[in-house]
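>>> coords please:
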Amino acid sequence: MAPRYRVTLTEEERGELEALTRSGKTNAKRFVHARALLLCDASEGGPEWTVADAADALGITRRTMEHIKRKFVEDGFDAAIDRKDAEKPPREIRFDGAFEARLVTLACSDAPSGRRRWTVRLLADKAVELKMVPSVSHMTIQRILKKRT
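So this is what the prediction gives:
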């Protein structure tokens, strides 16, 4: 059966991959991906190992080998070696000391009418109501207060 994705490296790509695997300063994931591409190279002078043999030699699954080959064929050399960028940007809301101080002050104040004490959910709702923050999870409130006790 013919392989789904055929990896054919140019001399430049092969040289770069060999340099990555021999430098000793490459992280593990990049190293394994570089070795995988080198072992599956079907160009002239390449070893062209089978997916199963290369996966066994590298200690990864066959599926991972297929993913590496697919990324190389479809997205190019850099995509197969490097991690893709995060699709979701990091959370923008940062809670500073001023917010934490106001929250502790609120938690130490008298509970709302009809309640015996503040709950983290009540505190989260009140913080949004007082426009201390645009939105906040009750678990975030719990973590902040736990830090303070």
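
>>> please count neighbours and contacts with C-alpha atoms only from this point.
OK.

>>> I'd say residue 36 and residue 57 touch.
No. Counting by CA atoms under 8 Å, residue 36 stays clear of residue 57, with 9.3 Å between them.

>>> between the two, who's got more neighbours?
Set residue 36 next to residue 57 and count neighbours by other CA atoms under 10 Å: residue 36 wins out with 26 against 12.

>>> confidence score at the spatially most central residue of the chain?
The centroid of the chain falls nearest to residue 86 when counting by CA atoms, centre = their mean (6.5 Å). What the model reports for residue 86 is a pLDDT of 73.

>>> again, but for residue 25
88.

>>> do the same with residue 148
Per-residue confidence (pLDDT) for residue 148: 70.

>>> just checking, what packs against the longest helix along the chain?
Counting by DSSP state H, the longest helix found in the chain is helix 62-75. With contacts taken as 3 or more CA pairs under 8 Å, 6 or more residues apart in numbering; DSSP states H and E, helix 62-75 sits against helix 28-39, helix 51-58, helix 77-81.

>>> at 7 Å what do you get?
Judged by 3 or more CA pairs under 7 Å, 6 or more residues apart in numbering; DSSP states H and E, helix 62-75 is in contact with helix 51-58, helix 77-81.

>>> ok, and what's touching the next helix or strand after the last one?
Beyond helix 77-81 on the C-terminal side, the first helix or strand identified by DSSP states H and E is helix 97-108. Contacts made with helix 97-108 from outside it, assessed by CA atoms under 7 Å, 6 or more residues apart in numbering, are listed as 118, 123, 144.

>>> what comes up buried for helix 97-108?
100, 103, 104, 107 (16 or more other CA atoms under 10 Å).

>>> for that helix, list the C-alpha coordinates in CSV.
Taking C-alpha atoms only, helix 97-108 is exported to CSV below (Å, rounded to 0.1, in the frame of the first residue of the first chain):
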residue,chain,number,x,y,z
GLY,A,97,-3.6,44.2,44.2
ALA,A,98,-6.1,47.0,44.1
PHE,A,99,-8.9,44.7,43.0
GLU,A,100,-7.9,42.1,45.5
ALA,A,101,-7.9,44.7,48.3
ARG,A,102,-11.4,45.9,47.3
LEU,A,103,-12.6,42.3,47.1
VAL,A,104,-11.3,41.5,50.6
THR,A,105,-12.9,44.7,51.9
LEU,A,106,-16.2,43.7,50.3
ALA,A,107,-15.9,40.2,51.8
CYS,A,108,-15.3,41.6,55.3
